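> my questions are about this predicted structure, shown below with the sequence.
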Amino acid sequence: MDRQSEEQRIGSFSLPENLNGFCIHMVGIKGTGMAALAELLVHGGASVTGSDVPDHFYTDSILSALGICPAEGFSAENIPSGTQLVIYSSAYSRTENPELLEADRRKIPVLLYNEALGMFSARPYSIGIAGVHGKTTVSGMTGTVFRALDLDASVLAGSAISSFGGKCTMIHGSKYFAAETCEYREHFLSFHPSKIVLTGIESDHQDYYPTYDAILAAFIRYIDRLPQFGELIYCADDPGAKEAARISFSARPDLVFTEYGENASGAFRVSFLGVRDGRQYFSLKGVPGEFSLQIPGRHNVRNAAAVCALAASLVTREKGSFSFSDAGKVREALASYTGSKRRSEIVGTADGVLVLDDYAHHPTAVDSTLAGFREFYPGRRLIVDFMSHTYSRTAALLPDFARAFRSADTVILHKIYPSAREQPGGPVDGKTLFDAVRQNHRNVLYFEEPMEARSRISGMLKPGDVFVTMGAGDNWKLGLAVLEDLQAREASGKQGSKK
């Protein structure tokens with residue numbers, strides 16, 4: 001369905017200003033974005049019900065805390081009488097899901113997740129966090145900093161954030177709203193931003209954007225949604241972000257353009273000061289003091305700089321200036337940030353081995369994340385289990401994937417984890433990737449299924465090693481299993497030493 005057809009379907013429907021008692025049913029409510037939106041809607045006074053598959057997700061605890069017990073499976077009977085709006089995840093078919101068909105039969109308004117988020121964003125002063133990489137980390141850091149600055153704001157992130165109490169939202173008011181906005185299928189064009197933070201643009205989602213120019217054009221359309229005198233905060237280290245800013249400046253000279261990064265020319269020019277004692281340090285040209293982060297990777301230094309630029313802009317809007325005291329609060333908040341689920345997440349430590357999990361699934365993200373681990377954990381062997389996500393991405397970026405594991409000592413690969421939107425099979429498979437990677441790396445292993453690698457990995461790990469599961473597949477389960485093996489080995493060793 002094209003955007004004009006979508007707009008005609010939505011018609012004149014809009015969320016009421018006062019959500020108290022407004023009844024909303026959410027199809028696919030366990031999805032990260034859907035659960036986060038449910039939090040915001042419940043906090044606004046709405047009565048929310050939902051349905052999803054019976055499988056357990058980490059969002060179950062979030063929904064339970066909200067008093068929501070999702071129906072298991074999908075049935076027309078799941079939609080309560082009196083429901084005034086149905087919101088659904090893009091994982092489900094508008095023309096096949098029985099609940100969506102029932103909503104049509106009852107003439108209940110139906111919105112996609114991104115459409116509902118867009119309507120929600122139209123009410124406050126909203127900030128869209130965008131880019132092929134880094135959205136969740138920037139969103140998590142943003143909420144952490146906003147709360148430290150006591151801004152009247154709420155934030156929605158694309159994963160559970162430690163500093164949000166393990167939730168996906170930080171709710172501290174309603175004047176400002178920052179949210180992770182997704183480029184897939186131009187979903188972010190439903191959002192109403194007054195500011196946009198742009199981390200970077202490169203070829204991705206090849207099933208929808210066949211070329212780099214296609215995805216670049218989508219981001220430029222998103223930037224063009226900014227109102228007069230809106231602001232684009234973009235990464236000067238990223239060629240795609242710089243190109244989008246240059247093109248947008250030609251068409252929209254009314255906008256404010258703020259750059260950040262090591263190649264930025266203004267106040268948010270980054271100087272990387274190194275890694276020591278489990279932290280990385282940096283400074284900003286126009287902000288006093290030395291900043292530190294306890295999460296690895298220079299890409300996260302750039303993410304932190306983006307948040308500093310956003311915070312300075314909003315505080316200046318609120319108070320007329322960004323003070324030394326404000327800068328201190330930002331420094332303390334960033335120093336306290338411990339990350340989010342599946343982003344450099346520490347799964348556990350056992351028998352001297354650190355087990356990590358990371359969502360990186362694009363070769364650029366894989367390369368930068370592993371380089372960050374190498375810098376953060378010097379002198380330690382880095383063993384990486386990677387599961388590629390989608391046939392289209394793997395095929396289009398195969399040469400880049402082949403070079404993405406240079407920081408790893410050993411790489412374990414598997415079959416490709418398909419998207420729900422793809423048919424099984426494709427132009428490449430897991431062994432195609434294996435053959436490409438081993439042309440550039442001497443220690444590469446292949447197991448069709450992640451769990452088939454369990455005993456081999458557990459057996460090769462030694463005290464001091466760092467083991468990482470990586471990708472958008474389900475190989476994170478392997479990390480948990482390996483951690484169990486290491487814990488058993490550690491316990492066995494302790495028992496042996498007592499005898």
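That came through fine. Numbers count the residues shown, from 1 in each chain.
> please count neighbours and contacts with C-alpha atoms only from this point.
Noted.
> hang on, residue 233 packs against residue 264?
No: judged on Cα atoms under 8 Å, residue 233 makes no contact with residue 264 at a distance of 11.1 Å.
> same drill for the two, tell me which one is more crowded.
residue 233 (23 against 17; other Cα atoms under 10 Å).
> ramachandran angles for the more buried one?
The phi/psi pair for residue 233 (degrees, to the nearest 10) reads phi -100, psi 110.
> residue contacts, it?
195, 196, 197, 198, 257, 258, 259, 260, 306, 309, 310 (Cα atoms under 8 Å, 6 or more residues apart in numbering).
> give me the neighbour count for residue 384.
Based on other Cα under 10 Å, the number of other residues close to residue 384 is 24.
> mind giving me the packing neighbours of the strand or helix carrying it?
Assigned by DSSP states H and E, residue 384 falls within strand 382-387. Applying 3 or more Cα pairs under 8 Å, 6 or more residues apart in numbering; DSSP states H and E, one finds that strand 382-387 contacts strand 410-413, strand 466-471.
> comparing those, which comes out most buried?
Burial of the helices and strands packed on strand 382-387 is given as mean neighbour count (mean count of other Cα atoms under 10 Å); strand 466-471 ranks first at a mean of 26.
> so residue 101, which state does it fall into?
Following DSSP: H, G, I helix; E, B strand; the rest coil, we place residue 101 in the helix state.
> isn't it right next to residue 93, touching?
No: Residue 101 is not in contact with residue 93 according to Cα under 8 Å; the separation is 9.7 Å.
> between those two, which has more neighbouring residues?
Between residue 101 and residue 93, counted using other Cα under 10 Å, the more crowded position is residue 101 (17 against 12).
> which residues are contacting the longest strand anywhere in the chain?
Identified as the longest strand of the chain according to DSSP state E is strand 153-161. By Cα under 8 Å, 6+ apart, the residues outside strand 153-161 that reach it are 32-33, 36-37, 135-136, 139-140, 142-143, 146-147, 166-180, 339-342.
> do me a favour and average the pLDDT over that strand.
For strand 153-161, the mean pLDDT works out to 91.
> CA atoms only for that strand, dumped as CSV, please.
Taking C-alpha atoms only, strand 153-161 is exported to CSV below (Å, rounded to 0.1, in the frame of the first residue of the first chain):
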residue,chain,number,x,y,z
ALA,A,153,9.9,14.7,28.6
SER,A,154,9.3,11.1,27.6
VAL,A,155,11.4,8.8,25.5
LEU,A,156,10.7,5.6,23.6
ALA,A,157,13.6,3.3,22.7
GLY,A,158,13.7,0.2,20.6
SER,A,159,14.9,-2.1,23.4
ALA,A,160,14.9,-2.4,27.1
ILE,A,161,17.2,0.2,28.7
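> coming back round to it: now, of the contacts of residue 233, which are buried?
Using 16 or more other Cα atoms under 10 Å as the burial test, the contacts of residue 233 include 195, 196, 197, 198, 257, 258, 259, 260, 306, 309, 310 as buried.
> quick one, what contacts the residue positioned nearest the centre of the chain?
Geometric centre of the chain, nearest residue: residue 136, 3.3 Å, by Cα atoms, centre = their mean. Residues counted as contacts of residue 136 (Cα under 8 Å, 6+ apart) are 157, 158, 159, 180, 340.
> partners of the last one in the sheet?
Right, residue 340. Beta-bridge partners of residue 340, counted by DSSP bridges, are residue 161, residue 343.
> next, count neighbours for the nearest residue to residue 204 once chain neighbours are set aside.
Leaving out its chain neighbours, the residue that sits closest to residue 204 by Cα to Cα, 6 or more residues apart in numbering is residue 393, at 6.7 Å. Close neighbours of residue 393, defined as other Cα under 10 Å, add up to 20.
> give me the element residue 393 is part of.
helix 391-396.
> after that helix, which helix or strand is next?
Criterion used, DSSP H and E; the element after helix 391-396 is helix 398-402.
> what residues of that following helix count as buried?
398, 400, 401, 402.
> next, the contact list for the third one, please.
So that's residue 401. Residues near residue 401 by Cα under 8 Å, 6+ apart: 362, 363, 394, 433, 436, 437.
> rerun that using 6 Å as the cut-off
residue 363 (Cα atoms under 6 Å, 6 or more residues apart in numbering).
> separation between it and residue 436?
8 Å (Cα to Cα, to the nearest Å).
> kindly report the same for the second one.
To residue 436, residue 400 is 10 Å away according to Cα to Cα.
> who's in contact with stretch 266-275?
Identification of contacts with stretch 266-275 by Cα under 6 Å, 6+ apart yields 260, 261, 262, 280, 281, 282, 283, 284, 285, 286.
> how does it look with 7 Å?
For stretch 266-275, contacts defined as Cα atoms under 7 Å, 6 or more residues apart in numbering pick out 259-263, 280-287, 305, 309, 376.
> mind checking the SS state of residue 205?
Residue 205 - assigned by three-state DSSP - is coil.
> and what of residue 128?
strand.
> check contacts around the closest residue to it other than its chain neighbours.
Once flanking residues are discounted, residue 128 sits nearest to residue 196: 4.7 Å by Cα to Cα, 6+ apart. Contacts for residue 196 (Cα under 7 Å, 6+ apart) come out as 127, 128, 129, 130, 231, 232, 233.
> so how many other residues sit close to the fifth one?
In this case it means residue 231. Residue 231: 22 neighbours (other Cα under 10 Å).
> swap in the first one?
Residue 127 is surrounded by 25 other residues when neighbours are defined as other Cα under 10 Å.
> wait, what's in contact with it?
By Cα under 7 Å, 6+ apart, the neighbours of residue 127 are 177, 178, 179, 193, 194, 195, 196.
> surely residue 25 forms part of a helix?
No: counting by three-state DSSP, one finds residue 25 to be strand, located in no helix.
> got the confidence number for it?
Note on residue 25: pLDDT of 98.
> same deal with residue 379?
91.
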